[in-house]
Each structure stands twice: as C-alpha cells, then as structure tokens.
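1. here is the input, now give the coordinates:
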Amino acid sequence: MTGVIGRQMRGVLSVMKKHRGLLISAPSSGTGKTTVTLGLLRALRNRGFTVQPFKSGPDYIDPAFHRFAAGRPSFNLDTWAMGSGSLRSIEQKALGSDIIVAEGSMGLYDGVLKQGVTGFGSSAETAMFFGWPVILVIDVSGQAQSAAATALGHLHYNSELSLAGVILNRVASPRHERYVRRGMEEAGINVLGALPRRGDLVLPERHLGLVQAVEHEDLDKAIVDYANFVEDHIDIAKLVELAKSSQLLEHEDQFMEPPAQRIALAQDEAFSFTYPHLLEGWHKAGAEIYPFSPLDDQSPDQFADLVWLPGGYPELHAAKIAGADRFLTGLRDHAKTKFVHGECGGYMVLGKCLVDKDGVSHQMADLLGLVTSYEKRKFNLGYRKAFPKSPFLKFDHSDCLRGHEFHYSSILDQPDQPLLEIMDADGNSLPQTGSRRGNVSGTFFHLIAKETK
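-> Residues are numbered from 1 along each chain as shown. Prediction:
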C-alpha cells in the first residue's frame with residue numbers, strides 16, 4: 001500500500017496493537033499486594049501466559065521480584081516524573097506479552113498535590129492513563145462487613161477509575177469470609193478471591209522495604225508458594241477476563257540522553273538502585289555500559305568517560321567498601337581526569353566517611369567532604385525536582401530533573417559546592433543539595449526523568 005490510503009491503514013494497524021492489562025492496588029501499604037502480585041505473575045506464567053510486569057511509582061526493589069516471578073524485566077511507570085511520551089515508550093515493553101500486570105504503590109489514590117488536586121503521581125492516575133482496571137487487595141483482618149465500605153469508598157472516590165473487583169486478604173476463618181463477602185455483595189463489589197491468613201507468606205524486610213531479590217535465600221521456593229496460594233484462592237480466569245486493553249501507539253521512543261558515552265556502572269548488593277528504563281535509554285542512545293563490583297574490589301574500567309555509583313545499601317557493607325583498596329584507588333585515579341557521579345548510597349561512598357548504625361565511622365573515597373550517619377537516623381522521603389546550579393555531565397541550569405529521595409541517613413557535614421537546587425513536590429526548597437568538587441559530583445536525589453520542554 002502506498003500514498004495517503006497506505007499511511008492511514010498503517011496508522012489504524014498501529015492503534016490496533018493492544019494488550020490487556022490490570023493494576024493491583026490497595027487502600028494502603030502493608031496489605032499484601034506485593035505477595036498477591038508475585039503469586040499472580042507466576043501463576044499466569046505457569047498457565048502459559050507471557051506476562052509483562054510494571055511498577056507504578058518510584059521503587060527499585062519490587063521490579064526485581066517481578067522479573068523473577070514473571071521471567072520478564074519489570075519497568076517503572078511514574079506519572080509524576082514522566083511525560084506521556086516516556087510513559088508510552090516504556091509501555092512498549094509489553095510488546096510480545098499476553099497480559100500486563102502492574103503493581104501499585106502505597107494506597108490507590110495516594111499522590112502529591114497539583115493545583116489543589118490530590119493524587120498526582122498516584123497508582124489510580126497510572127491506571128486511568130493506560131485504561132487498566134484496578135483490583136483492590138483489602139486486608140480484612142479485624143473487620144467484616146465494614147470492609148465493603150472501604151471498597152465502596154474507593155469505587156466512588158473517582159468516577160473515571162474502573163474498580164473491577166477486590167481480593168480479600170488475611171481472612172481469619174470461613175465464617176469471617178462469609179460475613180465479608182455478604183457485605184461486598186450488598187455493596188455490589190465483585191469478590192475475586194479470599195486469601196486465608198498465613199504468617200509464613202511474608203518477604204523479609206529492612207528499613208527501606210523488602211530485602212533485595214538477589215539477597216533472598218530461596219526466592220524461587222517463595223514464589224512457587226505464592227503462586228500455589230493464589231491458584232487455590234483467587235479466580236484467575238475471571239481476573240484475566242476483567243483485564244482491559246490499552247492501546248500501544250507506535251511513536252518515537254522518548255528516553256533520556258545518557259550522561260556519557262562510556263559509563264562504568266557499579267552493580268552489586270551495595271549498589272543496585274538503577275532504573276531499567278534509564279539503562280535502556282542509555283543503551284538505545286549508543287552508550288556503552290561497563291558493570292563492575294566494588295564489593296568484589298573491582299576497579300572501574302579505565303577507558304570509561306564516567307563512573308556512576310548508584311544507590312543501594314552501602315551502610316550494610318561499609319567496612320568491606322572501606323577495605324576495597326583496588327576499587328577506591330581506581331575511583332580516585334579516575335576522578336583526576338574524568339567524571340565520577342554518585343546517587344544516594346553512591347554519594348555517601350564518595351564522601352569522607354560513613355557512620356554506621358552502631359556509631360562506627362568508616363573511611364570512604366574522600367573525593368567529597370560529605371559525612372553521613374546512620375547512628376542519627378532521619379527519614380527522607382518524597383518526590384523531588386532538581387535544578388543544576390551549574391553545568392555538570394550533560395545537564396545545565398536550564399534543565400528540570402525529576403526524581404525522588406528515600407533514605408534514613410543524616411548529613412553531618414556537606415562542605416563542598418552545592419550541585420543542585422532541590423525542591424519537594426510542593427515547591428519547597430530542601431537542604432540536600434548534593435555536592436561537587438572538581439570532576440566529582442553526588443546527590444541523594446534519584447534521577448527518574450528530565451522534564452521535557
């Protein structure tokens with residue numbers, strides 16, 4: 001086909017590429033939605049479905065569990081940080097799959113303010129953007145018919161959202177289930193399953209949430225248990241039937257430009273917080289990435305233009321990092337002529353020293369004067385906008401960077417030149433500006449996207 005008719009037909013075909021999807025959410029954190037999501041991903045996979053997992057909002061840990069359960073990489077979708085073009089580009093990862101299963105974050109409608117409207121960046125906003133129905137996981141422990149009021153409130157809070165049904169979690173007994181189901185029936189809420197209370201189906205946690213997937217002693221056994229549990233107590237066929245199509249529109253990918261051509265990327269249990277969509281964007285733009293492990297005392301590739309130390313859990317490995325002579329020497333040598341950048345945990349390692357939770361001070365790279373402490377814990381959480389104070393890497397003062405902050409460390413000293421002007425989602429200035437000295441820069445800010453002009 002050629003000419004106008006051919007172009008029109010190709011446009012129709014591109015719009016017709018659809019994948020059915022749904023989003024698993026909950027009224028609040030801690031209700032069991034991650035367990036349900038992981039069990040559902042593996043159960044669908046066991047039934048022969050090719051499943052594409054996604055995570056709504058900023059999160060490094062859940063997507064690694066998704067990947068293990070589904071057998072496909074999981075990507076973050078963030079309506080606060082990403083523009084529609086970036087969201088659609090990431091959605092293209094569903095090509096070749098049969099069904100999309102996305103996991104929400106926090107409560108369904110929890111988000112930040114935007115011009116007086118709540119829910120900006122919420123899981124509900126993600127579901128509405130892609131047209132996915134929501135399956136609400138409700139912890140019904142300590143209540144019976146009152147659980148229906150919770151579901152009904154979520155159903156009517158936003159008329160644009162499709163709430164397809166609920167999964168009852170932590171049901172105490174058959175009698176308890178009957179009472180809860182009766183309330184849901186009277187409210188007109190579709191019950192897709194009821195999970196009995198089981199204390200053994202809990203993933204281990206630490207201060208930033210779940211223990212990383214690579215650290216789990218027997219993750220496959222846990223996922224198999226979750227899948228069997230879901231198979232036994234959830235109507236999976238009905239759930240698949242309720243999934244709705246989202247249009248995968250063909251368009252030019254919108255990924256962020258890589259910060260350098262050749263990037264030495266720290267990757268191990270201490271440095272694991274890197275968003276897959278950023279790495280994929282860097283690869284697609286032609287960047288070369290050279291992974292190395294500071295915990296294995298590996299030096300960054302000498303031919304790299306940039307060493308990037310992502311966040312993670314360096315505080316759990318501070319003594320080992322302090323004794324990693326080849327890594328620290330290679331890092332310092334690199335910084336003499338080329339760029340080094342650290343995010344959150346990586347930023348702390350670039351500093352002078354890190355004080356662990358027991359009050360023990362560990363010498364770090366000393367490329368910045370930063371001193372941080374876990375003995376004096378301070379919870380720092382939220383979306384952030386960042387504006388470079390002056391050009392660094394491939395960013396300049398005209399760029400608006402969007403991301404988030406999530407750590408428990410306290411800054412005892414931050415003497416170097418500020419790197420960024422940092423604001424929270426409401427536009428309030430914050431003191432965690434990051435630092436720069438010569439070729440070295442670092443910040444507690446985790447980059448998600450650059451705001452498009």
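2. and Ala335, helix, strand or coil?
-> Using DSSP: H, G, I helix; E, B strand; the rest coil, the structure places Ala335 in helix.
3. surely it and Val440 touch.
-> Yes. In terms of C-beta atoms under 8 Å, Ala335 counts as a neighbour of Val440; the distance is 5.2 Å. (Glycine included, C-beta is placed from N, CA and C.)
4. now for these two: what residues contact both?
-> Leu367 (C-beta atoms under 8 Å, 6 or more residues apart in numbering).
5. who's more crowded, these two?
-> Neighbour count, other C-beta atoms under 10 Å: between Ala335 and Val440, Val440 has more, with 23 against 19.
6. I'd assumed Val340 was in contact with that one.
-> Yes. The pair Val440 / Val340 is scored as a contact, 4.8 Å apart, by C-beta under 8 Å.
7. okay, which residue is most central for the chain?
-> Asp59 (2.2 Å; C-alpha atoms, centre = their mean).
8. give me the spatial nearest neighbour of that one, chain neighbours excluded.
-> Nearest residue to Asp59 in three dimensions, chain neighbours excluded: Ser105, at 6.0 Å (C-beta to C-beta, 6 or more residues apart in numbering).
9. okay, the one you found and Pro431: tell me how far apart.
-> In this structure, Ser105 and Pro431 are 26 Å apart, going by C-beta to C-beta, to the nearest Å.
10. between these two, which one's more packed in?
-> Ser105 (24 against 8).
11. distance between stretch 418-431 and the chain's centre?
-> 21 Å (C-alpha atoms, centre = their mean, to the nearest Å).
12. what comes into contact with stretch 144-163?
-> 27, 108-109, 119, 124, 127-128, 131-134, 136, 138, 140, 166, 168, 176, 179-180, 182-184, 186-187, 189, 244.
13. can you give me the helices in the stretch 251-400 of the chain?
-> Taking DSSP state H, counting those that start in this stretch as the test, the helices found in the stretch 251-400 of the chain are 276-284, 318-322, 325-337, 345-350.
14. most tightly surrounded among the ones you listed?
-> helix 345-350 (a mean of 29; mean count of other C-beta atoms under 10 Å).
15. now for that helix, which elements pack on it?
-> The contact analysis (3 or more C-beta pairs under 8 Å, 6 or more residues apart in numbering; DSSP states H and E) places helix 345-350 against strand 306-309, strand 339-343, strand 440-443.
16. and the next element down the chain from the last one?
-> Translated: strand 440-443. Proceeding N to C from strand 440-443, the next assigned helix or strand is strand 446-450, under DSSP states H and E.
17. parallel or antiparallel, which strands does that next one pair with?
-> Here strand 446-450 has these sheet partners by DSSP bridges: strand 401-407 (antiparallel).
18. pLDDT on the partner strand, on average?
-> Mean pLDDT, strand 401-407: 93.
19. what's the spacing between that strand and its chain's center?
-> On C-alpha atoms, centre = their mean, the centre of strand 401-407 falls 11 Å from that of its chain.
20. angle of it against strand 339-343?
-> 60 degrees (axes from the mean of the first three to the mean of the last three C-alpha atoms, to 10 degrees).
21. if you count neighbours, what's buried in stretch 401-414?
-> Across stretch 401-414, burial judged by 16 or more other C-beta atoms under 10 Å covers 401-412, 414.
22. with distance to Glu257 added, can I get the residues you listed in a markdown table?
-> Shown next, in a markdown table, are the buried residues of stretch 401-414 (distance: C-beta to C-beta, whole Å):
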| residue | distance to Glu257 |
| --- | --- |
| Leu401 | 12 |
| Arg402 | 15 |
| Gly403 | 16 |
| His404 | 20 |
| Glu405 | 23 |
| Phe406 | 25 |
| His407 | 26 |
| Tyr408 | 32 |
| Ser409 | 30 |
| Ser410 | 34 |
| Ile411 | 30 |
| Leu412 | 35 |
| Gln414 | 28 |
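23. which members of the residues you listed define the maximum pairwise distance?
-> Maximum pairwise distance among those (C-beta to C-beta): 28.0 Å, between Arg402 and Leu412.
24. now do the SS call for the residue nearest to Asp59.
-> Ser105 is classified as coil under three-state DSSP.
25. quick check: neighbours shared by Val440 and Val340?
-> By the contact definition C-beta under 8 Å, 6+ apart, Val440 and Val340 are jointly contacted by Leu350, Leu367.
26. can you list the low-confidence ranges for the stretch 251-400 of the chain?
-> Residue ranges of the stretch 251-400 of the chain with pLDDT under 70: 251-254.
27. switch the cut-off to 90
-> For the stretch 251-400 of the chain, the stretches with pLDDT under 90 are 251-257, 375-381, 397.
28. chain center to stretch 22-42, what's the gap?
-> Using C-alpha atoms, centre = their mean, the offset of stretch 22-42 from its chain centre is 14 Å.
29. buried residues in that stretch?
-> Quick answer for stretch 22-42 (16+ other C-beta under 10 Å): 22-27, 31-42.
30. repeat that for stretch 134-146.
-> Across stretch 134-146, burial judged by 16+ other C-beta under 10 Å covers Val134, Ile135, Leu136, Val137, Ile138, Asp139, Val140, Gln143, Ala144.
31. if we take those, which one ends up nearest to Asp235?
-> Closest approach to Asp235 among the buried residues of stretch 134-146 (C-beta to C-beta): Ile135, at 11.0 Å.
32. so the closest one, which of the three states?
-> Per three-state DSSP, Ile135 ends up strand.
33. SS state for the nearest residue to it once chain neighbours are set aside?
-> Nearest non-adjacent residue to Ile135, counting by C-beta to C-beta, 6+ apart: Ile24, 5.3 Å away. State at Ile24, reduced to three classes by three-state DSSP: strand.
34. coming back round to it: sort out which of the buried residues of stretch 22-42 are in strands and list them.
-> Among the buried residues of stretch 22-42, the members falling in strands (DSSP state E) are Leu22, Leu23, Ile24, Ser25.
35. could I get these as TSV with distance to Asp366 and pLDDT?
-> Listed next are those as TSV, based on distance: C-beta to C-beta, whole Å; pLDDT from 0 to 100:
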residue	distance to Asp366	pLDDT
Leu22	50	97
Leu23	45	98
Ile24	45	98
Ser25	45	98
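36. quick one: Gly323 from Ser409, how far?
-> Between Gly323 and Ser409 the distance is 21 Å, computed by C-beta to C-beta.
37. one more: Leu136?
-> Taken as C-beta to C-beta, the span from Leu136 to Ser409 is 35 Å.
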